[in-house]
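this is a predicted model, with the sequence first.
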Amino acid sequence: MALNHLTLSLQFARTEDTAAHRAVLPRHKVARWIRHALSADAEITVRIVGEDEGRQLNRDYRHKDYATNVLTFDYQQAPTVLADLVLCAPVVEREARAQNKTLEEHYAHLLVHGTLHAQGWDHETSEEDAQEMEAYESAILRELGFADPYAA
């Protein structure tokens, strides 16, 4: 499988538990997970944020007043994907615990998920789109050695 070229900026906001999140997100792993979800060359910034920044961004851009796990800001899909992926560390950590996943597994899933959104994939328009996107995410994660994130 030929992987696309990726220019990656990986940023960590100062949060309560930055070190723990930085430890499970070394640049080479983040790049590998994102590359497996790309169908074109890309320039992507990944920013790991705290609850306040996550909530503010979700409120300002999606008009939803809570911090969510991942926000995708897609600026261009061709010829090069240009996007920012913002992941809220406390939300990701809570969800991983609730789903009995490791933090690494959940971050890998959310980075694949966000990367697909950056390329135009959508799961909110129709149930058919959601099923197609989930199946593709599951296949990518299996290639990466992770369990199906949607398995019961």
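It's in.

what distance do you get for the closest residue to residue 89 other than its chain neighbours to residue 5?
Using C-beta to C-beta, 6 or more residues apart in numbering and skipping the chain neighbours, the partner closest in space to residue 89 is residue 21 (4.8 Å). For glycine as for every other residue, the C-beta is placed from the backbone atoms N, C-alpha and C. Distance from residue 21 to residue 5, counting by C-beta to C-beta, to the nearest Å: 26 Å.

of these two, which one has the most company?
Counted by other C-beta atoms under 10 Å, residue 21 and residue 5 do not tie: residue 21 has more neighbours, with 19 against 11.

for that one, give me its contacts.
12, 15, 48, 89, 92, 93, 103 (C-beta atoms under 8 Å, 6 or more residues apart in numbering).

how about it, secondary structure?
helix (DSSP: H, G, I helix; E, B strand; the rest coil).

the helices in this structure, which residues?
With DSSP state H as the criterion, the chain has helices at 18-24, 27-37, 51-62, 89-98, 103-118, 127-143.

pull out the buried residues from the first one.
Just to be clear, that refers to helix 18-24. For helix 18-24, burial by neighbour count (16 or more other C-beta atoms under 10 Å) applies to 21, 24.

again with stretch 73-91
Counting neighbours by 16+ other C-beta under 10 Å, stretch 73-91 gives 73-74, 81-91 as buried.

how about those in TSV, adding pLDDT and distance to residue 66?
As requested, these are exported to TSV (pLDDT from 0 to 100; distance: C-beta to C-beta, whole Å):
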residue	pLDDT	distance to residue 66
73	97	18
74	96	21
81	97	27
82	98	27
83	98	22
84	98	19
85	98	18
86	98	14
87	98	15
88	97	10
89	97	15
90	96	12
91	97	9
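
closest one to residue 129 out of those, please.
If you rank the buried residues of stretch 73-91 by distance to residue 129 using C-beta to C-beta, residue 74 comes first, at 15.9 Å.
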